[in-house]
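[1] Please find the sequence and the predicted model below.
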Amino acid sequence: MIIGLTGGIASGKSTVSNMVKDEGIPVIDADIVAREVVQIGEEAYEKIVSYFGIEVTNSDGTLDRKKLGAIVFNDEEKRLALNEIVHPLIRNRMENKVGELIEKGYKTIVLDIPLLFESKLTNLVDKIILVYVDEDLQRKRLQNRDQFSDEEVEVRLKAQFPLKEKIKWADEVIHNHGLLSDTKEQLLTILIKWNCLPAHKHSAHTIIPK
Ligand SMILES: CC(C)(COP(=O)(O)OP(=O)(O)OC[C@H]1O[C@@H](n2cnc3c(N)ncnc32)[C@H](O)[C@@H]1O)[C@@H](O)C(=O)NCCC(=O)NCCS
Ligand SMILES: Nc1ncnc2c1ncn2[C@@H]1O[C@H](COP(=O)(O)OP(=O)(O)OP(=O)(O)O)[C@@H](O)[C@H]1O
């Protein structure tokens, strides 16, 4: 089973995906793949530099992600242009990674994709888990984690579908407002329901009814 793990910026996807990895299930992280496809010399790197100009590179030639972020999150047309350059390559690379893991014998693979719905990547997955928090908490966690100004937070939230909308399209929702142990319990309940835990892990989490 290929599970799509999605949410919104700072809703807790990485937190949940670390819990998934702890259960011995491999995770492919779209944010990491997105960094791989823009390395110097890669096709997307050349396209980005020719579209956005040399100003979006650091002195060592690597992309200046802060500068590129400041541009694309304040200009919808440019954000969509960046998406058009990188998203097909992200999709391809993720499909290849899934193929490799299947060949290695993994029966369950999780794809952590923030823009699963926005980028129409849902056909990559069989089931979808949404990591949900309300927007106020999402703002607070984003601000705390990345030290963004109010405006930087708002433009990033505006670039994604609201989490409330995404709930409708998810098979399961993990509410990530409380303790990490609550979040983990919700995750395990879903994985057990879908029969996705490796056998030794499954028995470790089986709750024996009284
Ligand atoms: C704009 C960039 C350079 C900013 O880099 P930065 O290191 O500051 O952020 P990072 O890549 O870690 O992304 C953080 C979060 O921002 C959100 N985000 C990233 N790109 C986008 C986008 N194009 N549209 C909406 N939200 C986005 C996601 O929730 C992501 O988890 C970078 O995010 C990027 O290259 N984005 C395009 C690729 C993409 O869509 N990545 C998301 C995975 S599908
Ligand atoms: N249940 C929780 N309680 C307290 N803090 C949390 C909880 N879950 C996540 N956080 C914190 O909230 C922030 C955002 O979480 P995380 O980085 O997992 O989100 P994300 O969805 O992966 O973000 P992004 O889309 O930007 O990669 C982090 O600083 C994390 O430590």
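    Alright, I've got the coordinates. Ligands and ions are numbered 1, 2, ... in the order given.
[2] going forward, measure contacts and count neighbours with C-alpha atoms only.
    Fine.
[3] For ligand 1, see how far away residue 127 is.
    The span separating residue 127 from ligand 1 equals 17 Å under the rule Cα to the nearest ligand atom, to the nearest Å.
[4] Checking the spatially closest residue to that residue that is not a sequence neighbour next. Helix, strand or coil?
    In this structure, residue 127 finds its nearest non-sequential neighbour in residue 3, 5.0 Å apart by Cα to Cα, 6 or more residues apart in numbering. Using DSSP: H, G, I helix; E, B strand; the rest coil, the structure places residue 3 in strand.
[5] Any idea how many residues pack against residue 3?
    Residue 3 is surrounded by 20 other residues when neighbours are defined as other Cα atoms under 10 Å.
[6] check contacts around it.
    The contact partners of residue 3, taken as Cα atoms under 8 Å, 6 or more residues apart in numbering, are 108, 109, 110, 111, 125, 126, 127, 128, 129.
[7] and those, which are buried?
    For the contacts of residue 3, a burial check counting by 16 or more other Cα atoms under 10 Å picks out 108, 109, 110, 111, 125, 127, 128, 129.
[8] Could you double-check that the third one lies in contact with residue 28?
    Yes. Contact criterion Cα atoms under 8 Å: residue 110 and residue 28 qualify, at 6.3 Å.
[9] And the contacts of residue 3, which is closest to residue 79?
    Sorting these by distance to residue 79 puts residue 111 at the head of the list, at 22.5 Å, by Cα to Cα.
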